[in-house]
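Asks: Just need the structure, nothing else, for what follows:
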Amino acid sequence: MAGPKIQGLNHLTLAVSDLGRSVSFYRDVLGLELRALWADGAYLEAGSLWLCLSVDAAAEGVRRSDYTHYALDVAPADFDALADRVRAHAPEWKDNRSEGASLYFLDPDGHRLELHVGSLATRLARYRAESKAGVSIF
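Replies: Now for the predicted structure:
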């Protein structure tokens, strides 16, 4: 398609019920760099990911049940150590059945997250190798 198009994901904003708890989780457990902090929000950074945490009273006690989740890119050499650290602080919500190493876990407000080693190219290569009926690779 010619013309204007999306270049990528600009930032991700998550509603949180307890800013201090969430900043600690994303900074101390996941290793994101805290870039800004104010009374009801924070900006953290990991590579090209710009994450905003925004206090929202409606986030308290919300339990998400659909498959929507956010996958965070992890270098293969770092996966095991980071996954062990996450397992010590967060519950898992799904077993890995995808290509590449993955850990599916919940943040303190129940947002569904994934640590993942791999890329779109490795995922498409798997689909090509498996030749699943009804899957078109472009």
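Asks: Quick check: which helices or strands does the helix or strand in which L115 is found pack against?
Replies: Counting by DSSP states H and E, the element that carries L115 is strand 112-116. In this structure, strand 112-116 packs against strand 70-73, helix 76-87, strand 102-106, with contacts taken as 3 or more C-beta pairs under 8 Å, 6 or more residues apart in numbering; DSSP states H and E. Every residue, glycine included, has its C-beta placed from N, CA and C.
Asks: who does that strand pair up with?
Replies: strand 70-73 (parallel), strand 102-106 (antiparallel) (DSSP bridges).
Asks: just these: most buried one?
Replies: Neighbour counts (mean count of other C-beta atoms under 10 Å) averaged over each of those peak at strand 102-106, with a mean of 20.
Asks: roughly how far is that strand from the heart of the chain?
Replies: With C-alpha atoms, centre = their mean, to the nearest Å as the basis, strand 102-106 stands 8 Å off its chain's centre.
Asks: Can you give the contact residues for that strand?
Replies: If you take C-beta atoms under 8 Å, 6 or more residues apart in numbering as the criterion, strand 102-106 is touched by 69, 71, 79, 83, 86-87, 90-96, 112-118.
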